[in-house]
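Student: sequence first, then the predicted structure:
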Amino acid sequence: MKWIEERLPGIGKVAKDVAEHPVPSHTLNVFYCLGGLTLIAFIVQVVTGVFLAMYYKPTPEAAYASVQMITNEVRFGSMMRSIHHWAANFMVIFCFLHMLRVYYTGSFKKPREMNWVAGSFLFILTIVMAFTGYILPYEQLSYWGAVIGVETAGSLPVVGEMAKIMMQGGITVSPEMLSRFYVLHVLVLPAITIAFLVAHFVMIRVQGISDPM
Amino acid sequence: MDNNVSRRKFLGGLVAVPTMAALAAPLAAVGAYIYPPDSFLQPPAPKKVGNINDLKAWDYIPFGYNQAPAMVIKTDTGDIQSFYLKCTHLGCTVEVPEGNLDGKQLVCPCHGGYFDPLGNNTGGPPPTPLKQLAVTIEENGDIIVEERMA
Ligand code: HEM
Ligand code: FES
């Protein structure tokens, strides 16, 4: 500790501030844990996702087989997949319940409007990560799930056709679609989510948790 | 005239406009990069799917084209019509009864959409008729279908 303090003076105080920040007693309640549970689920996803990405192959020919390989041959592969699968489901559920808690306690009101908006983006990101992850095993459900998602986007007025072509990577479903969803799922969306999480937590620190009802 | 724009503000504006433009250009390039290249946007080649002389009125031939199921049908005036069997609601495959389609309906199993044998939407959620393919009949009666580009 002293060694670091000598080289980065003041770091000890910052670390202490972060670690020992008191929370108000009315938040010692399971409903106020939902945001934290969502964060834990997200961290689990990042860690297990990195491991899955080591064996997963994002092409229409190889995707399904590589997922079968992870499940049946890789040591602890089926466990890794199951954790990623279940934490994804729990992340969506926790995130939604957390949003309900914030709504029910009226915590979205002044001065926390911006954090509500940041949270809304986090909710959308969570849903889109779940959707893009669903296509990756490239089984029947994945494929048709993606088709339904693409067709739904395609039914939007004005921008629909463009959105559809962008998602499919062509005028019909094409092998490009898997690459696109893969890049979104493992790179783009988690990066944006982390940026929004940082903003979310900074705002919570600055504004504090809302008072009891 | 009041000279109330300070030199600093004026120069700031002068610099800001080209800066914005310089930042917008790469953004436009990125958008164009993500949009699939033209070679990915070409319609597939025309396809021969059968011969008109093999069909009686309201007989049909199912086939696959452009990664989607489709069919051709002969009407009672001897015309050939062709359309995709991809539901115009949310894209499920529309089911076609076996055999002759005289007086029959096509049904989409997903949400109960109904179409007549010419692909017109007659009930349920589908908002428009099934998407048509262009048909040409060769001299020997061969039926050639082709994507209709808008
Ligand atoms: C990835 C998803 C999310 C994570 C990891 C997350 C995390 C957190 C955490 C740890 C807290 C501290 C209080 C608590 O845990 O209840 C919090 C508070 C808050 N969250 Fe989220 N959140 C997420 C999504 C959302 C969503 C979808 C909304 C609403 C649209 C939202 C709005 C808020 C607001 C307004 C607060 C402040 C609440 C207060 O002061 O009482 N968050 N968030
Ligand atoms: S997709 Fe055919 S009725 Fe909904």
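Tutor: Noted; the coordinates are in hand. Ligands and ions are numbered 1, 2, ... in the order given.

Student: now do the phi/psi pair for the closest residue to A:Val67 other than its chain neighbours.
Tutor: The spatially closest residue to A:Val67, leaving aside those adjacent along the chain, is A:Pro137, at 4.5 Å (Cβ to Cβ, 6 or more residues apart in numbering or on different chains). (Each C-beta comes from the backbone N, C-alpha and C, glycine too.) In terms of degrees, to the nearest 10, the main-chain angles of A:Pro137 are phi -60, psi -20.

Student: neighbours of A:Pro137, how many?
Tutor: By the criterion of other Cβ atoms under 10 Å in any protein chain shown, A:Pro137 has 20 neighbours.

Student: residues contacting it?
Tutor: For A:Pro137, the contacting residues are A:Ala63, A:Tyr64, A:Val67, taking Cβ atoms under 8 Å, 6 or more residues apart in numbering or on different chains as the criterion.

Student: same question for B:Asp116.
Tutor: Listed by Cβ under 8 Å, 6+ apart, the contact partners of B:Asp116 are B:Gln105, B:Leu106, B:Thr122.

Student: ok, back up a step: just the contacts of A:Pro137 now: which is nearest ligand 1?
Tutor: Top of the list for closeness to ligand 1, among those and by Cβ to the nearest ligand atom, is A:Val67 at 25.3 Å.

Student: quick one: the helices in chain B, in order.
Tutor: Per DSSP state H, chain B has helices spanning B:7-34. These are given in chain order.

Student: still on that earlier bit, out of the contacts of A:Pro137, the closest to B:Tyr33 would be?
Tutor: Of all these, A:Ala63 has the smallest distance to B:Tyr33: 24.0 Å, by Cβ to Cβ.

Student: roughly how far does the nearest residue to the closest one once chain neighbours are set aside sit from ligand 2?
Tutor: The shortest distance from A:Ala63 to any non-neighbouring residue, by Cβ to Cβ, 6+ apart, is to A:Tyr138 (3.9 Å). Plainly put, A:Tyr138 is 22 Å away from ligand 2 if you go by Cβ to the nearest ligand atom, to the nearest Å.

Student: do stretch B:91-103 and chain A meet?
Tutor: Yes - using Cβ under 8 Å from any Cβ of the partner chain, stretch B:91-103 comes into contact with chain A via B:Gly91.

Student: please identify the buried residues of that stretch?
Tutor: When burial is assessed from 16 or more other Cβ atoms under 10 Å in any protein chain shown, stretch B:91-103 yields the following buried residues: B:Gly91, B:Cys92, B:Val94, B:Val96, B:Leu101.

Student: lowest-confidence one in the residues you listed?
Tutor: Scanning those for pLDDT, the low point is B:Gly91. It has 84.

Student: mind giving me the packing neighbours of the helix or strand of chain A with the lowest mean pLDDT?
Tutor: Taking mean pLDDT, DSSP states H and E as the measure, chain A has helix A:11-19 as its least confident helix or strand, at a mean of 88. Contact partners of helix A:11-19 among helices and strands, from 3 or more Cβ pairs under 8 Å, 6 or more residues apart in numbering or on different chains; DSSP states H and E: helix A:2-7.

Student: what residues does the helix it packs on touch?
Tutor: A:Ile11, A:Gly12.

Student: domain map for chain B?
Tutor: If the domains of chain B are taken from automatic domain parsing, they occupy B:7-40, B:47-147, with pieces of a single domain joined by a plus sign.

Student: mind putting those domains into JSON lines with distance to ligand 2?
Tutor: Formatted as JSON lines, the domains of chain B follow (distance: least, Cβ to the nearest ligand atom, whole Å):
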{"stretch": "domain B:7-40", "distance to ligand 2": "25"}
{"stretch": "domain B:47-147", "distance to ligand 2": "3"}
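
Student: mean neighbour count, those: which tops it?
Tutor: The highest average neighbour count among these, using mean count of other Cβ atoms under 10 Å in any protein chain shown, belongs to domain B:47-147 at a mean of 16.
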